[in-house]
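Engineer: pasted the sequence and its predicted model underneath.
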There are 2 protein chains.
Amino acid sequence: MIKVSVLYPNGNDKTFDMDYYCNTHAPMVAELLGDALKDAAVDKGLGGGAPGSPAPYAGMGNMYFNSLEEFEKAFGPHAEKIMEDLPNFTNIRPIIQISEVMILR
Amino acid sequence: MIKVSVLYPNGNDKTFDMDYYCNTHAPMVAELLGDALKDAAVDKGLGGGAPGSPAPYAGMGNMYFNSLEEFEKAFGPHAEKIMEDLPNFTNIRPIIQISEVMILR
């Protein structure tokens, strides 16, 4: 299984509208990706490893697909529309990571 | 639900032994954390957002707990032992992120 993570690094001048992300952006992405999207999760940054330290990432979106091919086929045609929605909830340029899920219990 | 992510940023001089991480480190951590650990996942970096680009993170470990308190109570007594195992599989200093799980479908 393939996991596509979209990580939004935190910073002093960074903004992130978690309500919009959860209630508007994520549902839009899920509808565009359709059945290829096998699972999805959204994480809201609370803190870092040291007590009281800020969260390294304001938020993280995680999408699961059966294979890299299925992700690319589903995401490609909608990439522009999805990316165009980013300024509606954040001024952060996200880090995108494609991973193989090794353990999922 | 609380998610504790341990992210290992990639780099030219960075090493990461995924076999050790999955087969030795992760099981050791799971045993030490006991019932407080509700779920866990390991991701292996395959690539970045641009075609052919390297994975921003060599690997990511994800642990789920009912609450921040339960995580701290379970992790605190074993933190030193867990951190001492890192040089056995990597020379990367991980980024730790504590998140609230907003969406998990």
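Structural biologist: Received it, and whenever you're ready, just let me know what you need. Numbers count the residues shown, from 1 in each chain, chains lettered A, B, ... in the order given.
Engineer: what about stretch A:16-36, near chain B?
Structural biologist: Yes: applying CB under 8 Å from any CB of the partner chain, one finds stretch A:16-36 in contact with chain B at A:18, A:22, A:26. Bear in mind the C-beta positions are built from the backbone N, C-alpha and C, glycine included.
Engineer: same check, this time on stretch A:96-105
Structural biologist: Yes: with CB under 8 Å from any CB as the criterion, chain B is reached by stretch A:96-105 at A:96, A:97, A:98, A:99, A:100, A:101, A:102, A:103, A:104, A:105.
Engineer: could you identify the buried members of the residues you listed?
Structural biologist: By neighbour count, with 16 or more other CB atoms under 10 Å in any protein chain shown, those hold A:96, A:97, A:98, A:99, A:100, A:102, A:103 as buried.
Engineer: sitting in strands, which of those do you find?
Structural biologist: A:96, A:97, A:98, A:99, A:100, A:102, A:103 (DSSP state E).
Engineer: who does the first one bridge with?
Structural biologist: Partner residues in beta bridges with residue A:96: residue A:6, with DSSP bridges as the criterion.
Engineer: looking at it now. What's its pLDDT?
Structural biologist: pLDDT for residue A:96: 97.
Engineer: now the farthest one out in chain A, which residue is it?
Structural biologist: In terms of distance from the mean C-alpha position of chain A, residue A:51 ranks first, at 25.5 Å (CA atoms, centre = their mean).
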